[in-house]
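Q: Provide a 3D model corresponding to the input given below.
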Amino acid sequence: KLCNFSRPHMRAFHCSWFCFFTAFFIWFAIAPLLPEMKITLGLNKQEIWTSNICSVAGTIFMRFVNGPICDKYGARIPMGIILVSASIPCALTGLVTNATNLAVLRFFIGLGGSTFVMCQYWTSRMFTKEVVGTANALVGGWGNLGGGVTQLVMGSCLFPLFKLGMSAEMAW
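A: Below is the predicted model of the structure:
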C-alpha cells in the first residue's frame, strides 16, 4: 500500500524520496538561471563550466563522506543537516557577483546532491530483501524527479517576470 503512512517503513519511504526530491530541487534550481547570470555577471563559457564542475565535485566529495556517516548515525539526521546546509547557499544565489562566487556557491549547493546515499541507505534499512530493490528504484526515481520539476517551476516563476518588464539582473 503505497499511500499508507501508518507503518514506519512507509513513512521512511515517503520521507526519503521527498528529502531526495528536495535536494535535487535545491541542486538544480540555479541551472535555469545560468543563461541570465552569464549575461548579468559577464561570465564566459569556461566560468560556467567551472561552476558546473564545482557543483558535481561537491556532490562526489560528500557522497564518499556520507557512507560512513550513515553507518554511524543513520540517515535521517544527517540528511536533514545536509538539506538545511545546502538550502542556505541556494538562498544566497542573488548575492553572487562574479565567477568565483558562483563556483563556491555551486560547490556548497552541490553537497545537497549527496543525499542520494542517505536516501538509498534509509530505504535499504527499512525494507526486506524481497522488495528493497523496488523501494530503492522508486525512491531514487521520484527523488531525481526533483531536478525536472525544478526546471518547470523556475521557468514558470522566472520568465513571467521578464514579461512584466523586470530586468534579468533583478529577476534572478
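
Q: C-alpha from now on. contacts and neighbour counts both.
A: OK.

Q: any stretches of this protein with poor pLDDT?
A: 2, 168, 171-172 (pLDDT under 70).

Q: make it 90
A: Within the chain, the stretches with pLDDT under 90 are 1-15, 29, 31-33, 35-37, 39-40, 94, 126, 128, 140-148, 150-172.

Q: could I get the full set of helices for it?
A: 8-28, 34-41, 45-73, 76-91, 99-110, 115-126, 132-163, 168-171 (DSSP state H).

Q: would you list those in CSV and tack on distance to Lys1 and mean neighbour count?
A: CSV is the format used below for these (distance: least, Cα to Cα, whole Å; neighbours: other Cα atoms under 10 Å):
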stretch, distance to Lys1, mean neighbour count
helix 8-28, 9, 23
helix 34-41, 41, 16
helix 45-73, 27, 16
helix 76-91, 23, 17
helix 99-110, 34, 23
helix 115-126, 15, 22
helix 132-163, 12, 17
helix 168-171, 43, 14
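
Q: contacting residues for Phe24?
A: Phe24 is in contact with Gly112, Gly113, Gly143, Asn144, Leu145, Gly146, Gly147, counting by Cα atoms under 8 Å, 6 or more residues apart in numbering.

Q: export those residues to JSON lines and tack on distance to Cys15?
A: Converted to JSON lines, those look like this (distance: Cα to Cα, whole Å):
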{"residue": "Gly112", "distance to Cys15": "15"}
{"residue": "Gly113", "distance to Cys15": "16"}
{"residue": "Gly143", "distance to Cys15": "10"}
{"residue": "Asn144", "distance to Cys15": "14"}
{"residue": "Leu145", "distance to Cys15": "15"}
{"residue": "Gly146", "distance to Cys15": "14"}
{"residue": "Gly147", "distance to Cys15": "17"}
